[in-house]
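Asker: Predicted model, plus sequence, below.
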Amino acid sequence: MRSNTTSKNKQDNAVFNAKGVKVYYGNFMALQEVNVAIPDKEIVAFIGPSGCGKSTFLRCFNRMNDLITGARVEGELNYQGKNIYDDKINPVKLRRQVGMVFQKPNPFPKSIYENIAFGPRTNGYKGNTDDLVERSLRQAALWEEVKDKLKEKGTALSGGQQQRLCIARAIAMKPDVLLMDEPCSALDPISTQQIEELCHQLKHQYTIIMVTHNMQQASRVSDWTAFFNTETDESGKRRGKLVEFSPTGQIFSSPQTKEAEAYISGRFG
Ligand code: ADP
């Protein structure tokens with residue numbers, strides 16, 4: 001894997017450090033050894049053709065793969081100096097620090113207010129819940145649109161609003177990192193633009209790791225880009241690998257690998 005750090009050396013400031021991370025589904029190795037440092041308070045995009053392991057790797061960061069029968073992660077994924085795959089790590093607590101936003105907006109079938117308040121309250125939040133709801137919705141650039149209808153169902157909002165509500169819900173837990181799995185793929189262009197602008201604002205407080213199938217989105221939004229690809233294993237199965245991790249400006253103008261160059265110039269994928 002090529003990793004270029006000369007033009008923008010943020011690697012010393014990593015929030016996550018993956019060392020030899022491999023992911024299996026049963027006997028199938030879906031992702032071969034990944035070594036990468038995720039810089040703190042930056043936006044990292046995962047790009048690459050379908051099936052190359054982007055979502056699989058994203059799910060490693062908050063141990064969501066634990067919830068998939070047959071999935072197994074090997075190697076080390078260090079966060080705050082600890083391997084999150086260590087037996088002593090509580091995955092539920094980890095998921096409070098490393099929140100997730102999914103492809104399809106999935107608000108709870110509750111009021112807008114409760115969508116935000118529910119998680120923190122369940123986790124023993126002692127502060128003023130009204131303030132927390134307002135602050136989270138403001139941070140997610142949704143407050144002005146919903147402040148007069150907080151009692152209405154979150155599911156009644158538009159798709160783009162629902163996705164911002166899900167981001168607000170994640171933020172309310174005061175995470176450190178936000179994982180986003182193709183957060184705009186179900187949204188119209190205006191909602192997509194709103195989410196992209198929101199990401200730019202949020203990165204001052206959170207590290208964002210985003211899977212996107214849209215290269216323009218990666219180039220607009222991210223500071224760093226990880227390009228994944230597939231290769232054929234001994235038994236003829238296609239497994240994923242991380243090919244290049246570079247500053248976004250660089251990977252799109254002068255990729256360090258022929259594979260990234262071919263993908264970015266549209267020759268496959
Ligand atoms: P991407 O996000 O890049 O499209 P994925 O991470 O979804 O790729 O998938 C990587 C590989 O792992 C693919 O071969 C896919 O079929 C396989 N895979 C993903 N999820 C599962 C699962 N739950 N069970 C078995 N195989 C899976």
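Answerer: Thanks, I have the structure now.
Asker: Residue 172 against residue 134, yeah?
Answerer: No: contact criterion Cβ atoms under 8 Å: residue 172 and residue 134 do not qualify, at 10.6 Å. C-beta coordinates here come from the backbone N, C-alpha and C atoms, glycine included.
Asker: in the chain, which helix or strand is least confident?
Answerer: Least confident element among the helices and strands of the chain, by mean pLDDT, DSSP states H and E: strand 2-3 (a mean of 68).
Asker: ok, and does the next helix or strand after that one reach over to the ligand?
Answerer: As assigned by DSSP states H and E, the chain's next helix or strand after strand 2-3 is strand 14-25. Yes: Strand 14-25 lies within reach of the ligand by Cβ under 6 Å from any ligand atom, at residue 25.
Asker: so how many other residues sit close to residue 257?
Answerer: Using other Cβ atoms under 10 Å, residue 257 has 17 other residues around it.
Asker: Close to the ligand: what parts of the chain are there?
Answerer: Within the chain, the positions adjacent to the ligand are 25, 30, 48, 50-56, 68, 240 by Cβ under 6 Å from any ligand atom.
Asker: can you tell me which of these are in helices?
Answerer: If you go by DSSP state H, those have 54-56 in helices.
Asker: Kindly indicate the member of these with the most neighbours.
Answerer: residue 54 (26 neighbours).
Asker: Quick check: residue 118 touching residue 111?
Answerer: No: the pair residue 118 / residue 111 is not scored as a contact, 9.6 Å apart, by Cβ under 8 Å.
Asker: hey, what's residue 230 bridged with?
Answerer: Judged by DSSP bridges, the bridge partners of residue 230 are residue 240.
Asker: So it versus residue 32, what's the distance?
Answerer: According to Cβ to Cβ, to the nearest Å, residue 230 and residue 32 sit 10 Å apart.
Asker: between the two, who's got more neighbours?
Answerer: Each of residue 230 and residue 32 has its neighbours counted (other Cβ under 10 Å); residue 230 has more, 21 against 18.
Asker: So that one sits against residue 56, correct?
Answerer: No: if you go by Cβ under 8 Å, residue 230 and residue 56 don't touch, sitting 11.8 Å apart.
Asker: Spit out the residues that contact these two alike.
Answerer: residue 240 (Cβ atoms under 8 Å, 6 or more residues apart in numbering).
Asker: in which helix or strand would I find residue 94?
Answerer: helix 91-97.
Asker: Please apply the same query to residue 197.
Answerer: helix 189-202.
Asker: tell me which residues in that helix are buried?
Answerer: 191-192, 194-196, 198-199, 202 (16 or more other Cβ atoms under 10 Å).
Asker: cool, and stretch 110-123?
Answerer: Of the residues in stretch 110-123, 111-120 count as buried by neighbour count, 16+ other Cβ under 10 Å.
Asker: repeat for stretch 149-163
Answerer: Buried residues in stretch 149-163 (16+ other Cβ under 10 Å): 150, 154-155, 157, 160-163.
Asker: For it, the averaged confidence score.
Answerer: Here stretch 149-163 scores 97 as its mean pLDDT.
Asker: what's the answer for stretch 241-257, then?
Answerer: For stretch 241-257, the mean per-residue pLDDT is 97.
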